[in-house]
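Q: Take this sequence and fold it.
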Amino acid sequence: MALVVVRSEPSMSDPLVHNVISTYASHPGHTTWFPEADRYVFPSQWLYDHMAARGIDFNGRARVIRSGTDLDRFTPEGDRDSRIAVLPGVTFLLLARALDPVKGAEDAIVAIDAAIRAGADVSLAITVDTEEPFPAAVEELARLRALVENRALSDRVLLIDAPFEEVDGMLRACDVVLLPTRLPEGGLPFSAIQAVASGRPLIASDAGGLRELADLVYGDSAGATLVVPCDVESITAKSIEFSRSPELRDYYGRLGRDMAEKYFDVHRMDAEYFSLYAELAPSLAATE
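A: Predicted structure coming up:
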C-alpha cells in the first residue's frame, strides 16, 4: 500500500509528505515526477483543483480530507498570553513563525501604521520562531525590526517569539488574526484553522486555500474578511473596519468557531484517515 499526503508548505520535512509546489516548479510542464500511489490525500479542495488544473491525472485515486485541529486546545476560553494582552487598542495577530517576505508581515506593519494615522486604536503582534531560524528568516526579522523602529511603532507593533505550545494563548489574547500572504496561489496554513477554532475573526488574502476557508466558514459574508494580496490599502481598510466594530468581530468570531466544530475537528480528520486505511488495507483495520 502506498499513500501520498499532498501538502503545499515548503517547510514540510515529513518523508510521507510530497511537496507539490516546489517540486512542480522544478519540473514545469511535466507530470511524470509525481509519485505513484494507491491513494492521494489533499488537505483542501483548492490544492487538489490546483494540481488537477496543471495536468496531474490521479485516475480517481485522489481524496480530500480537510486538515483538523484540537478544538479542546484551540478554543475561545482559557489562558491568554500576557505579552499580547497588554498591547493597546484592538490587537491584530499575524502568525508568521518562520519569517518569509511572502507572509506579508511588512504589508501588515505598514497597514497598521496607516490605520493608526487614520485614527484607529490598533496594535499588531507578529509571531516568530527563533529556535531554529533559517538564515533568510534572520534577515527578514532584522528588516522588520528596522521597519518598526523607523516608523516609531515600538509601542504598537510587537515581534514576539512563538513556540508552538504557546500559540493557543496568543490567539486568545488577540482580537483579530491577520494573514496577508503575498502568494496568489498559497495553501491553507494551520494558523488559519487555529484562528477560527479560537473564535477569532480572520482577515486573510483572497488567495488559494485561504479563500476556500473563508468561503467554507463565512459563506456569503466571506468577502468582508478578504483582502487583495500585496495591497496595503486593502489591508488597512479592513483593519480599520474591524477595529471600529466589536459587533463585527464578535459575529465573525462566533461564526468561525461554529464552523470549525463542523469542518476542522481533528477527530473528524482522524476518522476519515482511518476509513481510508480500512479501504486500502482491510486486514490491518480489522485488527484495530
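
Q: helix, strand or coil for the nearest residue to Pro101 once chain neighbours are set aside?
A: Using Cβ to Cβ, 6 or more residues apart in numbering and skipping residues adjacent in sequence, the residue nearest Pro101 is Glu140, 6.2 Å away. Quick note: C-beta positions are derived from backbone N, CA and C, even for glycine. Secondary structure state of Glu140, per DSSP: H, G, I helix; E, B strand; the rest coil, is helix.

Q: quick one: Glu140 from Trp46, how far?
A: Noted for Glu140: a distance of 26 Å to Trp46, by Cβ to Cβ, to the nearest Å.

Q: what does Thr236 give?
A: Distance, Thr236 to Trp46, by Cβ to Cβ: 26 Å.

Q: Also Gly253?
A: For Gly253 relative to Trp46 (Cβ to Cβ), the value is 24 Å.

Q: same deal with Pro282?
A: Pro282 is 31 Å from Trp46, by Cβ to Cβ.

Q: of these two, who's got more company?
A: Trp46 (23 against 9; other Cβ atoms under 10 Å).

Q: Confirm for me that that one is in contact with Arg211.
A: Yes. Counting by Cβ atoms under 8 Å, Trp46 touches Arg211, with 7.3 Å between them.

Q: The stretch 101-250 of the chain: helices as residue ranges?
A: Assigned by DSSP state H, counting those that start in this stretch, the stretch 101-250 of the chain shows helices spanning 105-117, 135-150, 167-173, 190-197, 208-218, 232-243, 246-263.

Q: Point out the most buried one among these.
A: helix 190-197 (a mean of 25; mean count of other Cβ atoms under 10 Å).

Q: how about the CA coordinates for that helix, as CSV?
A: Provided in CSV are the C-alpha atoms of helix 190-197 (Å, rounded to 0.1, in the frame of the first residue of the first chain):
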residue,chain,number,x,y,z
PHE,A,190,-2.8,25.6,10.0
SER,A,191,-2.7,29.0,11.6
ALA,A,192,-5.9,30.0,9.8
ILE,A,193,-7.7,26.9,11.1
GLN,A,194,-6.4,27.5,14.6
ALA,A,195,-7.6,31.1,14.4
VAL,A,196,-11.2,30.3,13.5
ALA,A,197,-11.2,27.5,16.1
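
Q: tell me the angle of it relative to helix 246-263?
A: Inter-element angle recorded for helix 190-197 and helix 246-263: 110 degrees (by axes from the mean of the first three to the mean of the last three Cα atoms, to 10 degrees).

Q: and the residue nearest to Pro101, how far is that from Glu261?
A: 35 Å.

Q: on that earlier part again, tell me who's in contact with the residue nearest to Pro101.
A: Applying Cβ atoms under 8 Å, 6 or more residues apart in numbering, we find Glu140 in contact with Leu99, Asp100, Pro101, Ala105.

Q: Does Leu213 touch Gln194 like I think?
A: No. Leu213 is beyond contact range of Gln194, at 11.4 Å (criterion: Cβ under 8 Å).

Q: State the pLDDT value of the closest residue to Ala222 other than its chain neighbours.
A: Among residues not flanking Ala222 along the chain, Ala214 sits closest, at 3.9 Å (Cβ to Cβ, 6+ apart). Note on Ala214: pLDDT of 95.

Q: Then Asp129?
A: 74.

Q: And for Ala207?
A: So, for Ala207, pLDDT stands at 89.

Q: How about Ser11?
A: Ser11 is given a pLDDT of 38.

Q: quick thing: my sequence starts at 13, can you match it?
A: Shifting the count to begin at 13 puts that one at Ser23.

Q: What does Arg92 show for phi and psi?
A: Main-chain torsions, Arg92, degrees, to the nearest 10: phi -120, psi 140.

Q: Quick check: it vs Arg212, distance?
A: 12 Å.

Q: ok, now Pro294?
A: Taken as Cβ to Cβ, the span from Pro294 to Arg212 is 42 Å.

Q: Noted, bye for now.
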